[in-house]
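Asker: After the sequence you'll find the predicted model.
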Amino acid sequence: LFRSEPAYLRDVFIEAKAEGDFRIYTSTVGETVGCTLQAEIRSPSGSRAAYSGELSLPITGVLNGVHPWSIEHPTLYTLTVQLIRPGSAGLPDRVLDEKTVRFGFRTVQFVAGGLYLNGQRVELRGLNRHQSFAYQGYAMPDSIQRLDAQILKKDLGCNAVRTSHYPQSPAFLDACDELGMMVQVEAPNGFDNTQWEQILRRCRRHPSVVLYCGGNEVPLTDSILDQLEYCRQLQQQLVPDALFSPMEALLGAYWLPDEGNVCEKPLPHDPEKMVRVRAMSDVLEPQKHIGIGVAGTRWQDLEPLISFYERPYLSHEVGILDTYIPLDLEKRYEGTRIGTSLFSGARALLQEAGLLESAPLYYRHSCYWSAVLRKLDIELLRLTRGVSGYDYLGAIDCHWHRCGYTPGILNEFHEYKPGEDAAQILRYNGESL
């Protein structure tokens, strides 16, 4: 139990640009007539700067000599805001509430040439992260969430991550802030407007979160487009220093449009819907084009297709490359809540087909082929002008003990599959190609 004051700070958010100018937004609950705000920004070196303001307006200012948050140097500052009721009748001022948040000074922009962070062009080398672990599912402590971020950045060479398909652990986002990992936060399919606002308010304090997305592969009907236009407006209002992508894959506007007028050139699309999609978007993330993932495809053939979107292009779910199930993992699931039914079912099918003895060989070969195709996919995208980045489908196998989904570079125990190691992955997914 705790005793609360009659008024308190509900939320604190700071929009801080790379040049040092900032705006501090607050919201309060309760009786705040006559109250004021006191804010203090503390640098990593310990220097402090104090500012005061009224509740009705943001606190604005400029901090000179800031060190911007970036991929290479993710410098974090600390903001403390106090809600103060001025003293009367000789009594001192009283602090009703206090909130402290970490933040970074950074400016992110998507323009025709791609993504710019603090004025420098950056290519997003990302992947999909399903926050699921062997045995425990989603119930993992903060230390493991942080370890996952370190693996993505240091071992797999990523500078970005897409949270598939929901906002993820605050500890994971904290680690991305500290490591210099850019994050795309994605709303779960079927969300409502209240949940969208909660997502924005929950994630906007993280400098790593540069992009918000309205869902995954939901067909873009007129009603969904109406909702996404509202989502865009609210994002601009609540998180003006981040960017917006309406929907992963753009089904219904591009890639098998299911209603409206279909134009075949240069890609099958619905012209009216594409106008609406472009108008609300900072960046587009279409389903991958025919040719990506196919040996012999040339980057020169992809460039005219990508220019069609008239927005910076992030390639959606590159490398959907499942491997076979390694039956030797079955023993790790004995006696667990998950059980071994997936393995026993696969074993029975292989036995019936007379292939059980060859299963280990099939598994190894599927991993080797996946590694080759993954490398081809990523190299092709990195060579193609107009591509601002990609999210690879799967760093780590997840929840496949239920559905047999194994696109990861690592298995669900964070072990490299045959044909891959950290050094090889960094050769094609590191900073330099």
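Answerer: Great, that's in hand.

Asker: just checking, residue 148 is part of a strand?
Answerer: No - in this structure, residue 148 is helix, not part of a strand, as judged by DSSP: H, G, I helix; E, B strand; the rest coil.

Asker: burial of it, as a residue count?
Answerer: 22 (other CB atoms under 10 Å). In short, each C-beta sits where N, CA and C put it, glycine included.

Asker: which one is it nearest to, not counting chain neighbours?
Answerer: In space, and not counting its chain neighbours, residue 148 is closest to residue 172: 6.4 Å by CB to CB, 6 or more residues apart in numbering.

Asker: can I assume residue 374 is in contact with residue 320?
Answerer: No - using CB atoms under 8 Å, residue 374 is not in contact with residue 320; the gap is 10.3 Å.

Asker: what's the residue nearest to residue 148 sitting at in phi/psi?
Answerer: phi -70, psi -40 (degrees, to the nearest 10).

Asker: so what pLDDT did it get?
Answerer: pLDDT, residue 172: 97.

Asker: Tell me which residues of stretch 33-42 come out buried.
Answerer: 35, 37-39, 41 (16 or more other CB atoms under 10 Å).

Asker: re the thing from before, more neighbours: residue 374 and residue 320, which one.
Answerer: Counted by other CB under 10 Å, residue 374 and residue 320 do not tie: residue 374 has more neighbours, with 24 against 14.

Asker: what's the helix or strand for that one?
Answerer: Using DSSP states H and E, residue 374 falls within helix 359-383.

Asker: what angle separates the very next helix or strand once past that helix from helix 359-383?
Answerer: Using DSSP H and E, the helix or strand that follows helix 359-383 in sequence is strand 387-392. If you take axes from the mean of the first three to the mean of the last three CA atoms, to 10 degrees, strand 387-392 sits at 160 degrees to helix 359-383.

Asker: What is the burial count for residue 138?
Answerer: 12.

Asker: Quick check: phi and psi on it?
Answerer: Dihedral angles (degrees, to the nearest 10) for residue 138: phi -100, psi -10.

Asker: before we move on, the earlier item: which among the buried residues of stretch 33-42 gets closest to residue 414?
Answerer: Distance to residue 414, by CB to CB, is smallest for residue 41 among those, at 37.9 Å.

Asker: pLDDT value on the residue lying closest to the closest one once chain neighbours are set aside, please?
Answerer: Nearest in space to residue 41, with sequence neighbours left out and distances taken as CB to CB, 6+ apart, is residue 49 at 5.0 Å. Residue 49 carries a pLDDT value of 97.

Asker: Ramachandran angles for residue 49?
Answerer: Dihedral angles (degrees, to the nearest 10) for residue 49: phi -140, psi 130.

Asker: how about the strands in the stretch 101-250 of the chain?
Answerer: Applying DSSP state E, counting those that start in this stretch to the stretch 101-250 of the chain gives strands spanning 108-111, 114-117, 120-122, 124-129, 160-163, 182-186, 209-213, 243-245.

Asker: between those, which gets nearest to residue 315?
Answerer: strand 124-129 (9.6 Å).

Asker: Against which helices or strands is the closest one packed?
Answerer: strand 160-163, strand 182-186, strand 387-392 (3 or more CB pairs under 8 Å, 6 or more residues apart in numbering; DSSP states H and E).

Asker: From the rest of the structure, what touches the longest one?
Answerer: To tie it back to what came earlier, the one meant is strand 387-392. 110, 114-115, 123-128, 160-162, 184, 283, 285, 302, 306, 312-319, 374, 377-378, 381, 429 (CB atoms under 8 Å, 6 or more residues apart in numbering).

Asker: tell me the angle that strand makes with strand 182-186.
Answerer: Using the same axes, to 10 degrees: strand 387-392 against strand 182-186 is 70 degrees.

Asker: Next, the buried residues of stretch 190-208.
Answerer: 191, 196, 199-200, 203-208.

Asker: And the furthest pair within those?
Answerer: Among the buried residues of stretch 190-208, 191 and 207 lie farthest apart (CB to CB), at 23.8 Å.

Asker: Counting neighbours, what do you get for the residue nearest to residue 37 when sequence neighbours are not counted?
Answerer: In this structure, residue 37 finds its nearest non-sequential neighbour in residue 53, 4.8 Å apart by CB to CB, 6+ apart. The number of residues packed near residue 53 is 17, by other CB under 10 Å.
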